[in-house]
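Student: Requesting a structural model of the entry that follows:
(one chain, ligands or ions: 1)
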Amino acid sequence: MTADLVIHGGTIVSPDASYSASIAIKDGVILAIGAADAMPAATETLDATGLHILPGAIDVHVHFRDPGYPQKEDFASGTAAAAFGGVTTVFDMPNTLPTINNAESLADKHRIASAKAYVDYGLYAVLGDDSIDHVDALVEGGIIGFKLYMGNTFGRIPSPSTGGMLEAFEVVAPTGKRISLHAETNSIMERREARLRAAGRTSPIAHLAARPAVVAVEAVERAATLAEWTGARIHVLHISSAAELRPLADAKARGVDITGETCPHYLLLDETDYEKFGGVVRVNPPVREKPNQQPLWDALMDGIVDIIATDHAPHAPDEKTRPDIWTVDCGFPGVETQMPLMLTEINKGRASLNDYVRWSAESPAKIWGLYPRKGTLTPGSDADIAIVDLDRKWTIDDAAIQSTSKISPWHGREATALPIHTLVRGRFVMKDRILQEKARGTGRSVHAIQQMPVPEPRNIDTTMAAITIAQKA
Ligand SMILES: [Zn+2]
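Tutor: Have a look, this model is predicted:
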């Protein structure tokens, strides 16, 4: 058998080991891994001498703003940014225009994504008061999971009450889909923000004052209670504080199916960055005080926090630089810089390369039922590969990033690692730091390969089920 591509000379990294080997790819799948002289003949070869070969990152939290906000990003620019960042699968958030909360808007988004994507993707649907009756249709329409906003965010999606959340969990639990939570309690931050605004506070640091960590602690605790009651699977997005780790760890200890992510900006930025970057650093939840950072690293090492994601949330420069912090759009791009930033920290010895591929690839694949098709370099797995140079000094320059949004708090930061080539199912999407234009539109939705066995539902209120059935009739 002739392989399509054999990569020679690199060091392959798995969660357990790093080793020199060649890797053969055929029809988008890894055919063999082993000694160079054991590889089959190949149509094409790539010399990866001196480079490391990682499973492509799976970023379960991006906002590509398509449809609705082309000045911020679209599916082409967003997935091109992913390709440059060694990210081979993204899960895109549903706070677009229109919101993805019914079968029609979901079908439209599938059309948009499949026409433009350079990398594979999953699509989230909103779970809220206006979509609870559409849960089955959304699952049938092909989603990777649900997103529930416990706090209002960009797109003004109303957050459900606790009662609404319980009903939503009851309806989703039997589908097996995981519910990803923006875990910030709206009523707390609304009151804080109103007081700060009334007091005339408009400087960037006031954003942090409006969202103390208790906003997240209370939300995680409450969501875990409802997940435990219903058996619903939940994922806590963008964990920003040390204080949130306790309710997360407690819930895990009780056997709740709860997972968590943190993002590079919570591990690497702190309260001093509001002075440096002003509104550019405004993000929800906020970048917090420095003492939060080490506990988040420790939680990644302990497995209390499972994965690294980015909350890639691009906006146009004028939307990030308004003088009044309360009018600045929240978030900034990150899908392209996550891997270089994290590997720079790995180079400093903060964790091992093996830890990194567990957080960035293996664990997200397992949590969303894509493993071992995705998230691992193993014969039979999709050839989703990031080939990186761990000895490359460079400086992040916003003007040079693929994202339409050329403004971030990473501008000017020194990095020591860089993805050189990215392959999705054996196809180069970025090669020698050049976007492979012909790969546009080759990305596929991964919902078709997702396997999430349905958990044993608990305490599902039969009256509620009857109401839902009656509404459908
Ligand atoms: Zn987000």
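Student: Show me where the stretch 101-250 of the chain has its strands.
Tutor: Per DSSP state E, counting those that start in this stretch, the stretch 101-250 of the chain carries strands over the ranges 120-126, 145-149, 178-182, 233-236.
Student: Go through these and name the closest to A76.
Tutor: Closest approach to A76 among the strands of the stretch 101-250 of the chain is made by strand 120-126 (12.0 Å; Cβ to Cβ). All C-beta atoms are positioned from the backbone trio N, CA, C, and that covers glycine.
Student: Bridged to the nearest residue to L127 once chain neighbours are set aside, which residues?
Tutor: Distances taken as Cβ to Cβ, 6 or more residues apart in numbering put F146 closest to L127, at 3.9 Å, once the chain neighbours are dropped. Counting by DSSP bridges, F146 forms beta bridges with A125, I179.
Student: now F146: how far from D47?
Tutor: 44 Å (Cβ to Cβ, to the nearest Å).
Student: When the two are compared, which one has more neighbours?
Tutor: Shown here are F146 and D47; by other Cβ atoms under 10 Å, F146 has more neighbours (30 against 10).
Student: State the number of residues packed around R201.
Tutor: 17.
Student: which SS state does S360 fall under?
Tutor: When classified by DSSP: H, G, I helix; E, B strand; the rest coil, S360 comes out as helix.
Student: so it touches I308, yeah?
Tutor: Yes. Assessed by Cβ atoms under 8 Å, S360 is found in contact with I308 at 5.3 Å.
Student: Between the two, which contacts overlap?
Tutor: Here S360 and I308 have 57, 338, 342 as joint contacts, going by Cβ atoms under 8 Å, 6 or more residues apart in numbering.
Student: that older thread, can you add distance to H63 and mean pLDDT and give the strands of the stretch 101-250 of the chain back as CSV?
Tutor: Output for the strands of the stretch 101-250 of the chain, formatted as CSV (distance: least, Cβ to Cβ, whole Å; pLDDT from 0 to 100):
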stretch, distance to H63, mean pLDDT
strand 120-126, 10, 98
strand 145-149, 10, 98
strand 178-182, 12, 98
strand 233-236, 16, 98
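Student: give the contact list for S363.
Tutor: By Cβ under 8 Å, 6+ apart, the contact list for S363 reads 259, 306-307, 375.
Student: now do A125
Tutor: A125 neighbours (Cβ under 8 Å, 6+ apart): 94, 100-101, 106, 131, 134, 138, 141, 143, 146-147.
Student: cool, and V280?
Tutor: Taking Cβ under 8 Å, 6+ apart, we find V280 in contact with 320-321, 332, 407-409.
Student: what does A210 give?
Tutor: By Cβ under 8 Å, 6+ apart, the residues touching A210 are 189, 192-193, 196.
Student: from these, which single one is nearest A17?
Tutor: When these are ranked by distance to A17 (Cβ to Cβ), M189 comes first, at 44.4 Å.
Student: shaky segments in the stretch 101-250 of the chain?
Tutor: Within the stretch 101-250 of the chain, the stretches with pLDDT under 70 are 155.
Student: where along it do the helices fall?
Tutor: For the stretch 101-250 of the chain, the helices defined by DSSP state H, counting those that start in this stretch occupy 103-116, 135-140, 162-172, 186-198, 206-210, 214-230, 245-253.
Student: could these be laid out in JSON lines, adding distance to Y19?
Tutor: Converted to JSON lines, the helices of the stretch 101-250 of the chain look like this (distance: least, Cβ to Cβ, whole Å):
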{"stretch": "helix 103-116", "distance to Y19": "36"}
{"stretch": "helix 135-140", "distance to Y19": "40"}
{"stretch": "helix 162-172", "distance to Y19": "41"}
{"stretch": "helix 186-198", "distance to Y19": "48"}
{"stretch": "helix 206-210", "distance to Y19": "44"}
{"stretch": "helix 214-230", "distance to Y19": "38"}
{"stretch": "helix 245-253", "distance to Y19": "32"}
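Student: Out of those helices, flag the one nearest G380.
Tutor: That would be helix 103-116 among these, by Cβ to Cβ, at 24.7 Å.
Student: what inclination does that closest one have with respect to strand 120-126?
Tutor: 160 degrees (axes from the mean of the first three to the mean of the last three Cα atoms, to 10 degrees).
Student: what packs against helix 103-116?
Tutor: helix 75-84, strand 120-126, helix 135-140 (3 or more Cβ pairs under 8 Å, 6 or more residues apart in numbering; DSSP states H and E).
Student: Format the CA atom coordinates belonging to the last one as CSV.
Tutor: Once side chains and other backbone atoms are set aside, the C-alpha atoms of helix 135-140 remain, and they are given as CSV (Å, rounded to 0.1, in the frame of the first residue of the first chain):
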residue,chain,number,x,y,z
VAL,A,135,-33.9,20.6,21.9
ASP,A,136,-34.8,17.5,19.9
ALA,A,137,-34.8,19.3,16.6
LEU,A,138,-31.4,20.9,17.4
VAL,A,139,-29.9,17.5,18.3
GLU,A,140,-31.2,16.0,15.1
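Student: Low-confidence ranges, the stretch 251-400 of the chain, go.
Tutor: Applying pLDDT under 70 to the stretch 251-400 of the chain flags no residue at all.
Student: Tell me where it has helices.
Tutor: 264-268, 273-277, 293-302, 317-320, 338-347, 353-357, 363-367.
Student: Please compute how far the host helix or strand of M430 lies from its chain's middle.
Tutor: Using DSSP states H and E, M430 maps to strand 427-431. Put simply, strand 427-431 sits 21 Å off its chain's centre (Cα atoms, centre = their mean, to the nearest Å).
Student: Enumerate residues external to that strand that contact any of its residues.
Tutor: Against strand 427-431 from outside (Cβ under 8 Å, 6+ apart): 28, 83-84, 88, 118-119, 419, 421-423, 435-436, 439, 442.
Student: Out of those residues, which end up buried?
Tutor: 83-84, 88, 118-119, 419, 421-423, 435-436, 439, 442 (16 or more other Cβ atoms under 10 Å).
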